[in-house]
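Visitor: have a look at this prediction, sequence included:
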Amino acid sequence: MALARFVGKFSSQTSQLLRCPGFHAHKAASLLTSRNLASQTLETDIADHAAKANYEARCDLAACYRILYNLGFDEGVCNHLSLSCPAKDGSRKVMLMIPYGLLWSEVTASSLAGISLKDPGSPEIYEEGYGQPDISSVSIHTGIHHAKGKDGFSCILHSHVPYATSLTCIEGQKLEMVHQNSARFLGEVCYDNDYDGVATSLEEGARLGKALEGKTVMMMGHHGVLVIGRTPSEAFDQLYYLERAAKVQVLAMSPGRKLAIIPDNILEVNKKFHRETFRHYADAHFVAMKRSIEAEKPHYRS
Ligand SMILES: [Zn+2]
């Protein structure tokens, strides 16, 4: 399904004054005015709150692009990261997405387009960025946001990072539990081996969203990887350590000798520790990495 431009405009609902025979007209008019003012104030508050949340989300996603670029997780002007958040006017949720043609190193808060998540079948551009996202990115991300948003997941990172992607190009290959960085992914990974060429339909995103049921990492056969997080820091931390774990595994596999798998009881201990500390470590990691891009020009928060 091709992207259509959004042409509608958000219009606020005016509250209706209930009829009451004991009211004089001027009292009713006065109450109507005060209610309208209260309603307008509430709408203004909602819009202010939404605008702030929208801006912070834009900054966080722009930071993700910049940091992952510096780590070499990008690929030309392809691959894509997205984050759902309130629209600036508070009327709906939007999915922030890089416009096609920008390098990850060029992304700023205001450059990101906001795609409406109001209607799963019609992901129009609701907030202008510096151009249009490509069809593949919208196809993949929209369906996953609709499928996983209800479980609290807001951030999706899709990349062709070389080591993790190389594992998807070996028949039957899994992310093996051979290193401390691998152990955190115990039970978190699903394998999608139904590669069908470049994604161009919304149905593909819906299919991927279904496949992610109960998982936060997808190894996409012949293609790349995709991780989801409840926050940008969670998703970033997952992608960072997925690639680190894959790199160690590929290097360990290179001599052609049998891999040493961590015993199940140790894996369970590691998993429990990770579950209890994940949010804390992920937040600290992301904040530290954001400091590393503070001096870049133009600044990612612009
Ligand atoms: Zn891809």
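Guide: Arrived safely.
Visitor: stretch 86-101: how far from the chain's middle?
Guide: Computed by CA atoms, centre = their mean, to the nearest Å, the chain-centroid distance of stretch 86-101 equals 11 Å.
Visitor: so which bits of it are buried?
Guide: Going by neighbour count (16 or more other CB atoms under 10 Å), the buried part of stretch 86-101 is 86-91, 93-100. Glycine gets a C-beta too; all of them are placed from N, C-alpha and C.
Visitor: and the strands in the stretch 51-200 of the chain?
Guide: According to DSSP state E, counting those that start in this stretch, the stretch 51-200 of the chain carries its strands in the segments 80-86, 93-97, 113-116, 125-127, 155-159, 189-192.
Visitor: pLDDT wise, what is the closest residue to V217 other than its chain neighbours at?
Guide: In this structure, V217 finds its nearest non-sequential neighbour in V189, 4.5 Å apart by CB to CB, 6 or more residues apart in numbering. pLDDT, V189: 98.
Visitor: how near is V189 to L175?
Guide: 5 Å (CB to CB, to the nearest Å).
Visitor: my read is that A252 contacts M177, right?
Guide: No - the criterion here is CB atoms under 8 Å, and A252 misses it with M177 at 11.9 Å.
Visitor: so for these two, which sits in the more crowded spot?
Guide: Between A252 and M177, counted using other CB atoms under 10 Å, M177 has the larger neighbour count: 23 against 15.
Visitor: show the contacting residues for the more buried one.
Guide: Going by CB atoms under 8 Å, 6 or more residues apart in numbering, M177 touches A183, L186, I261, I262, L267.
Visitor: need the nearest residue in space to A50, chain neighbours excluded.
Guide: G90 (3.4 Å).
Visitor: that neighbour against I46, yeah?
Guide: Yes - here G90 reaches I46: they are 4.3 Å apart, a contact under CB under 8 Å.
Visitor: for A199, report the pLDDT, please.
Guide: So, for A199, pLDDT stands at 76.
Visitor: give the contact list for it.
Guide: So A199 contacts S136, S139, I140, G205 (CB under 8 Å, 6+ apart).
Visitor: how about the nearest residue to it, chain neighbours excluded?
Guide: S139 (4.4 Å).
Visitor: tell me, how many residues neighbour the one you found?
Guide: Around S139 there are 23 other residues, counting by other CB under 10 Å.
Visitor: check contacts around T168.
Guide: M219, M220, G221, H222, H223, G224, V225.
Visitor: let me know the pLDDT of the second one.
Guide: For M220, the pLDDT comes out at 95.
Visitor: and M218, helix, strand or coil?
Guide: The three-state label given to M218 by DSSP: H, G, I helix; E, B strand; the rest coil is strand.
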